[in-house]
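Participant: Give the three-dimensional model of this entry:
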Amino acid sequence: MHKNLGFKIGGKKIGHGSPIFIIAEMSANHNQNFERAKKIVKAACECGVDAIKLQIYTPDTLTIDCSNKWFRIKDNNPEWNGKTLYELYKKAYMPWEWYGELKKIAESYGVIIFSSVYDETSVDFLEKNNVSAFKIASFEIADMELLKRVARAKKPIIISKGMASSEEIELAISTLRKNGAHNVALLQCTSSYPAKLEDMNLATIPDIKRKFNVVAGLSDHSLGIVSAVTSVGLGASIIEKHFTLNRADGGADSSFSLEPKELKELVRSVREAEKSIGKVQYGLIKSEVSNIVGRRSLFVVRDIQAGEIFTRENIRSIRPGYGLAPKYLSKIIGKKSLKAIKRGTPFNWNLINIRNNGK
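Facilitator: Numbering: from 1, shown residues only. You can find the predicted model right below:
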């Protein structure tokens, strides 16, 4: 079995036992305004995310300028519905010359910046800009030529699974590995925008880890932060969420994006959820010590003389928990006291006359 239990992106460890890697996805929320794009990157950094993700494509690297029925979008999203694919991508794409300045801003906050790639030209561009990881969007998971090219870059790769079948995912991962990619993460993703909560199927996250032996996470297109926070408890190591300054400003992805106050709350909630999950633990822990007063244990409840027999009238299981465990009561009853014992004394083995009782 291929071992892929964790890896690093830009010096940050990702995988089981490491902090959740939280990604703010700018996508098309820049509205092709460079100043707005810079503000989005700064705002995301100030919300405490680990990384910011961009998309590097042009309309011509994704599709052709054609208006027949095959190229027209039918979608509930009013920003998309009725447009041709070319029209949508022409409005949504980010000018590539912005990348360098946006990277500088993110790195000034200690935040990683990387991007989704869609063809060989975007991979070449990002390699020249020393990107630390690549993202494969759910719609690209079946593009074997793209996967081979990305794998040859020898960088960590995060894939959204979207509409992909188990067989398609298996082929994608094996293709990446055969071509040199060993650090792979797979994100549960519902490719509808926005995604309904009942379609999120977060239970897939632990199955991804088991079935494909990869780091698992969530690309979340649902409204709010419930799905993202819930995913932490199911083993997500990566959470990706779309981000904008203000949904009212519009844009192709604004309707299912978080605003700064919400992203900040997401980061806070995820970090608290991580603390709550902790590790497998049984028995007393340090913070519980003071509450041992609430446990039952064996106590002397009547004054006892030396040589007196222990009975259920002078030894009882009561609170607090500083005496012997109640399970020893039957072993003590009928034995003789080694010394005089005052009422209210926690019972211990030193109070029994071991020699005379043959214990």
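Participant: Now do the helices in this protein.
Facilitator: In the chain, the segments counted as helices under DSSP state H are 34-46, 59-62, 85-92, 99-108, 120-128, 144-152, 166-178, 204-212, 226-233, 260-277, 329-332, 354-357.
Participant: Now the first one: buried residues?
Facilitator: Within helix 34-46, the residues scored as buried using 16 or more other CB atoms under 10 Å are 36-38, 40-45. Heads up, the C-betas are built off the backbone N, CA and C, glycines and all.
Participant: for that helix, packing partners?
Facilitator: The contact analysis (3 or more CB pairs under 8 Å, 6 or more residues apart in numbering; DSSP states H and E) places helix 34-46 against strand 51-56, helix 99-108, helix 260-277.
Participant: Can you tell me what sits against stretch 106-118?
Facilitator: By CB atoms under 8 Å, 6 or more residues apart in numbering, the residues outside stretch 106-118 that reach it are 9-10, 12, 41-42, 44-46, 49-57, 61-62, 99, 102-103, 122-123, 126, 131-137, 140, 146, 150.
Participant: Then stretch 190-197?
Facilitator: 75, 77, 80, 138-139, 160, 162-163, 199-201, 220-223, 226-227, 253, 255-256.
Participant: Can you report how many residues lie near Lys196?
Facilitator: 11 (other CB atoms under 10 Å).
Participant: Same question for Glu240.
Facilitator: Neighbours around Glu240, by other CB under 10 Å: 25.
Participant: Repeat that for Asn31.
Facilitator: Applying other CB under 10 Å, we find 17 residues neighbouring Asn31.
Participant: excluding its backbone neighbours, what's nearest it?
Facilitator: Gly251 (4.9 Å; CB to CB, 6 or more residues apart in numbering).
Participant: Please pick the buried ones from the contacts of stretch 106-118.
Facilitator: Neighbour counting with 16+ other CB under 10 Å marks 9-10, 12, 41-42, 44-45, 49-57, 62, 99, 102-103, 122-123, 126, 131-137, 140, 146, 150 as buried within the contacts of stretch 106-118.
Participant: Look at Gly17 and report its pLDDT.
Facilitator: As predicted, Gly17 sits at a pLDDT of 89.
Participant: what's the distance between it and Val267?
Facilitator: Distance, Gly17 to Val267, using CB to CB, to the nearest Å: 19 Å.
Participant: Of the two, which one has the most company?
Facilitator: The neighbour comparison of Gly17 against Val267 (other CB under 10 Å) goes to Val267, with 22 against 9.
Participant: my guess is the more buried one contacts Gly48, does it?
Facilitator: Yes - here Val267 lies in contact with Gly48, judged by CB atoms under 8 Å, at a distance of 4.2 Å.
Participant: Identify the contacts common to those two.
Facilitator: Ile22.
Participant: quick one: low-confidence ranges for the stretch 51-200 of the chain?
Facilitator: 76-77 (pLDDT under 70).
Participant: Break this protein into its domains for me.
Facilitator: Using automatic domain parsing, the domain parsing of the chain gives 9-57+93-277, 286-357.
Participant: and those, which is most packed in?
Facilitator: Counting by mean count of other CB atoms under 10 Å, domain 9-57+93-277 has the highest mean neighbour count of the domains of the chain, with a mean of 19.
Participant: Just the terminal-to-terminal distance for that one.
Facilitator: For domain 9-57+93-277, the first-to-last residue distance is 23 Å (CA to CA, to the nearest Å).
Participant: How far away from the center of its chain is that domain?
Facilitator: Offset of domain 9-57+93-277 from its chain centre (CA atoms, centre = their mean, to the nearest Å): 12 Å.
Participant: ditto for stretch 343-353
Facilitator: Here the centre of stretch 343-353 is set off from its chain's centre by 51 Å, with CA atoms, centre = their mean.
Participant: Same check on stretch 334-352?
Facilitator: Distance, centroid of stretch 334-352 to centroid of chain: 54 Å (CA atoms, centre = their mean).
Participant: What average pLDDT does that stretch get?
Facilitator: Averaged across stretch 334-352, pLDDT comes to 96.
Participant: now what about that stretch, what contacts it?
Facilitator: Applying CB under 8 Å, 6+ apart, the contact partners of stretch 334-352 are 297-311, 315, 322-324, 332, 353-354, 356-357, 359.
Participant: just the strands in the stretch 201-350 of the chain please.
Facilitator: Using DSSP state E, counting those that start in this stretch, the strands assigned to the stretch 201-350 of the chain run over residues 215-220, 238-242, 297-300, 315-318.
Participant: can these go into TSV with extra columns for distance to Leu338?
Facilitator: Shown next, in TSV, are the strands of the stretch 201-350 of the chain (distance: least, CB to CB, whole Å):
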stretch	distance to Leu338
strand 215-220	60
strand 238-242	62
strand 297-300	12
strand 315-318	14
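Participant: Let's have the ones you listed in TSV, adding mean pLDDT and distance to Ile23.
Facilitator: Converted to TSV, the strands of the stretch 201-350 of the chain look like this (pLDDT from 0 to 100; distance: least, CB to CB, whole Å):
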stretch	mean pLDDT	distance to Ile23
strand 215-220	97	9
strand 238-242	98	4
strand 297-300	98	51
strand 315-318	97	54
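Participant: These: which one's closest to Asn31?
Facilitator: Nearest of these to Asn31, taken as CB to CB: strand 238-242 at 13.5 Å.
Participant: Just the CA trace of that closest one, in PDB.
Facilitator: C-alpha atoms of strand 238-242 as PDB (Å, rounded to 0.1, in the frame of the first residue of the first chain):
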ATOM      1  CA  ILE A 238      -7.900  20.400   4.700                       C
ATOM      2  CA  ILE A 239     -10.800  22.800   4.400                       C
ATOM      3  CA  GLU A 240     -11.300  25.000   1.400                       C
ATOM      4  CA  LYS A 241     -13.900  27.800   1.300                       C
ATOM      5  CA  HIS A 242     -14.700  30.600  -1.100                       C
END
